[in-house]
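Asker: No letters, just coordinates:
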C-alpha cells in the first residue's frame, strides 16, 4: 500500500470512528480490509481509498466494523466490576430509592456484549440492594456486526468460559448445542443501540453510571476532550465514569476527576 493511500484510509477511519492510526499500521490495515475489498469486488487499496471518499452505507460501515477492535470477555479485568458492586451501586441505590428515581447504566463500547451482560449479571446478583429501583442498561457500539452478536446473546463454549464461573454460566445462560445463550431475565435488562461517540449523544438520555473502557486510548487528546465533554452532558452530577486500566485523564481535560476509591473511576466536576 502506498503512503498516500494509507493516509487517505487513515483519515477516513479517524473521521468516522475517532481512531487515530499511527505510522507503521499499514500491515494491520491491509490485513483487516482485504476481506472487505474482496466482499465488495474492490481490486486495490487505491481503489478502496477513492471509493471511500464518496461511499455511503454498507461499504463505510464494513470498513468501520473491520477497523474497530471488539476484543472482549466476561468480567474483564475484574476490578471495574468489583467497584461497580461495592462503590457505584450502593451509592446510587441509596439516592435513587430516596428520590424514587430509576438507575440508568450506559455501556458505551459494548462490542460483542460481554461487558453489558456482565453488568446485568451484577445487577441481578445485587437485587436485594436494588429492591424497588428500576434499573436499565443501555449498550452502544459503533460496529453493527459486533452489536448483532451482542443482541443475539449466543456465545461459544470458549467465549462463555472466559470470565464466567460455572455457577454464573448455569444461572444466567441456557445451553444450545455446544453454545450458550443468555437467559431472558438477563437480556431484558439491556437495550442495544448503534452509536458513534463522535456524533450527537441525545439518544443516550440521562445516565448515572458510564462504562467507557478501552475506547479513549485510541483517540488523540482533542478527540478525547470532545467525547468526554459530550459524556459529561449525559451523566448525573453525582454519577460515575469507569475507564480502562490503561486510560487516564491526567493532562487531558478537567471534565472528570478521579475518585478516592480508584484511579480509573471518575466523577464529573461541578
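Answerer: Structure's in. What do you need? Remember, predicted model here, so these are calculated numbers, not experimental data.

Asker: Quick check: the gap between the residue nearest the centre of the chain and residue 177.
Answerer: With the centre of the chain defined as its mean C-alpha position, the nearest residue by C-alpha atoms, centre = their mean is residue 109, 0.8 Å away. If you measure residue 109 against residue 177 using C-beta to C-beta, to the nearest Å, the figure is 29 Å. (Each C-beta comes from the backbone N, C-alpha and C, glycine too.)

Asker: so which strand or helix has the nearest residue to residue 116 once chain neighbours are set aside?
Answerer: The shortest distance from residue 116 to any residue other than its chain neighbours is 3.8 Å, reached at residue 139 (C-beta to C-beta, 6 or more residues apart in numbering). Element membership of residue 139, judged by DSSP states H and E, is strand 135-141.

Asker: circling back: hmm, residue 189 and the residue nearest to residue 116 touching each other?
Answerer: No. Taking contact to mean C-beta atoms under 8 Å, the distance of 9.8 Å between residue 139 and residue 189 leaves them out of contact.

Asker: tell me the domain ranges of this protein?
Answerer: 3-67, 79-268 (automatic domain parsing).

Asker: out of those, nearest to residue 73?
Answerer: Ranking those by proximity to residue 73 (C-beta to C-beta) places domain 79-268 first, at 3.8 Å.

Asker: First-to-last residue distance for the closest one?
Answerer: As for domain 79-268, its first-to-last residue distance stands at 20 Å under the measure C-alpha to C-alpha, to the nearest Å.

Asker: can you pull out the strands in the stretch 1-150 of the chain?
Answerer: Using DSSP state E, counting those that start in this stretch, the strands assigned to the stretch 1-150 of the chain run over residues 103-107, 135-141.

Asker: And the ones you listed: which comes nearest residue 252?
Answerer: Across these, residue 252 has its closest neighbour in strand 103-107 (20.0 Å, C-beta to C-beta).

Asker: Which neighbouring elements make contact with the closest one?
Answerer: For strand 103-107, the contact count by 3 or more C-beta pairs under 8 Å, 6 or more residues apart in numbering; DSSP states H and E identifies helix 89-99, helix 114-125, strand 135-141, strand 207-211 as packing neighbours.

Asker: if we can go back for a sec, just send the strands of the stretch 1-150 of the chain back as CSV, with mean pLDDT, mean neighbour count and distance to residue 151 too.
Answerer: Rendered in CSV, the data for the strands of the stretch 1-150 of the chain read as follows (pLDDT from 0 to 100; neighbours: other C-beta atoms under 10 Å; distance: least, C-beta to C-beta, whole Å):
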stretch, mean pLDDT, mean neighbour count, distance to residue 151
strand 103-107, 98, 26, 13
strand 135-141, 97, 23, 9
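
Asker: Would you mind measuring from the residue nearest to the centre of the chain to residue 122?
Answerer: Taken as C-beta to C-beta, the spacing of residue 109 relative to residue 122 amounts to 17 Å.

Asker: Dihedrals phi and psi, residue 214?
Answerer: Dihedral angles of residue 214 (phi, psi; degrees, to the nearest 10) stand at phi 60, psi 40.

Asker: Count the neighbours of it for me.
Answerer: For residue 214, the neighbour count with other C-beta atoms under 10 Å is 19.

Asker: Likewise for residue 97?
Answerer: Residue neighbour count, defined by other C-beta under 10 Å, stands at 15 for residue 97.

Asker: ok, now residue 169?
Answerer: Applying other C-beta under 10 Å, we find 18 other residues in the vicinity of residue 169.

Asker: Surely residue 116 touches residue 191?
Answerer: No. At 9.4 Å, residue 116 and residue 191 do not qualify as touching, with contact defined as C-beta under 8 Å.

Asker: Would you mind telling me which of the two has more residues around it?
Answerer: Between residue 116 and residue 191, counted using other C-beta under 10 Å, residue 116 has the larger neighbour count: 27 against 12.

Asker: So, low pLDDT: which residues of the stretch 1-150 of the chain?
Answerer: Counting by pLDDT under 70, the stretch 1-150 of the chain has low-confidence residues at 55-56, 69-70.

Asker: which one is the residue nearest to the centre of the chain nearest to, not counting chain neighbours?
Answerer: Nearest to residue 109 is residue 215, by C-beta to C-beta, 6+ apart, at 4.6 Å.
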